[in-house]
Structures are given as structure tokens and as C-alpha cells.
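Student: Provided below for reference: sequence and predicted model.
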Amino acid sequence: MTDWFARPVLHVTDVEASIRFYVDRLGFSSPWRFEEDGNTFVAQVERQGCALIFSSQWPEKVGKGLMFISLNVEPETHEAAVAALDALRTELEAKGAPVKDGQWGYRLLVVDDPDGNQLFFNYPNETASGKTLRDEA
């Protein structure tokens with residue numbers, strides 16, 4: 001069977017500014033970019049298996065992206081997952097990233113990029129009230 005690999009496109013105003021934010025504040029790297037006449041139109045950033053493409057080619061779509069990112073934690077326990085997300089929050093806040101709490105029926109860690117695109121990191125098996133989903137059953 002063939003594995004699939006998805007790279008969502010986030011529409012941004014300034015690709016270079018987005019690269020700087022994702023690299024400097026969120027710890028991504030930038031393996032490639034498409035430039036023409038000194039302007040960057042498309043680029044990719046990646047971190048730990050998460051790859052995102054930035055494009056400035058459709059300005060009417062800027063800031064409308066929403067990306068769910070789940071952390072694969074070993075060993076996979078509720079406590080380990082919460083600890084991993086708490087550590088990520090501490091790392092991002094130390095780099096000056098705008099991190100906030102959110103919820104979508106369950107608890108989230110939310111990062112807004114400079115264009116308004118949002119990254120949602122979910123706390124596995126945890127509702128917005130902090131109870132585990134098993135507690136809700």
C-alpha cells in the first residue's frame with residue numbers, strides 16, 4: 001500500500017515574513033522556496049513530520065487557514081500527551097509566539113500566525129472543562 005503525505009497550503013500576505021515567524025517563533029525549518037524577480041511566492045516549512053506550504057498567490061484567501069496538529073507521544077498516555085503539549089507551550093511562549101487556550105468541544109492550545117491562520121494542537125481525550133472523555137461517558 002502507498003502512504004499519503006499531505007501538505008496544506010496556508011495563504012499569507014508575505015511569504016518571507018511567514019517563514020521568519022514559523023522558523024523563529026515556532027521552531028520550523030524552511031527546506032525550499034520558489035522565488036521570481038527577488039520575490040518569494042511559495043515556500044514550505046516543516047517540523048517533526050508536519051509540513052506546511054505558504055502561498056501569497058491568492059490574497060483573497062489570506063488568514064482563513066485552520067490546521068489541526070496532533071502530537072504523537074511515546075508512550076501514548078493521557079499524562080504524557082498533556083506533558084508534551086505543556087512543554088510545547090512553554091517552548092513557544094519562550095520564543096515569543098502568541099499562544100492561547102482554546103476549545104472545540106475539547107481543550108486546545110492555539111497559535112495565531114501574523115496573517116490570522118490558526119494552528120490547533122489538541123489535548124487528547126480531554127474536554128474543554130479539563131475532564132477526560134472517559135469521565136464524560
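Tutor: Sure, I can see it.
Student: Is the spatially most central residue of the chain within a helix or a strand, and which one?
Tutor: Central residue of the chain (Cα atoms, centre = their mean): L119, 3.8 Å from the mean position. Using DSSP states H and E, L119 sits within strand 118-127.
Student: Also F21?
Tutor: Counting by DSSP H and E, F21 is part of helix 15-24.
Student: can you give me the strands in the protein?
Tutor: Assigned by DSSP state E, the chain shows strands spanning 9-11, 29-36, 39-47, 50-55, 66-69, 99-103, 106-112, 118-127.
Student: Just the residues contacting the first one, thanks.
Tutor: Just to be clear, that refers to strand 9-11. With contacts defined as Cβ atoms under 8 Å, 6 or more residues apart in numbering, strand 9-11 is touched by 18, 52-59, 61-65, 67, 113, 115, 117. C-betas here are computed from N, CA, C, even on glycine.
Student: and it, average pLDDT?
Tutor: Average pLDDT, strand 9-11: 96.
Student: What of the last one?
Tutor: Strand 118-127 carries an average pLDDT of 80.
Student: helices or strands up against it?
Tutor: Applying 3 or more Cβ pairs under 8 Å, 6 or more residues apart in numbering; DSSP states H and E, we find strand 118-127 packed against strand 66-69, helix 78-94, strand 106-112, helix 133-136.
Student: what's the closest of those to F41?
Tutor: For the helices and strands packed on strand 118-127, the distance to F41 is smallest for strand 66-69, at 20.3 Å, taking Cβ to Cβ.
Student: That closest one pairs with which strands, and in what direction?
Tutor: Partner strands and pairing direction for strand 66-69 (DSSP bridges) are strand 118-127 (parallel).
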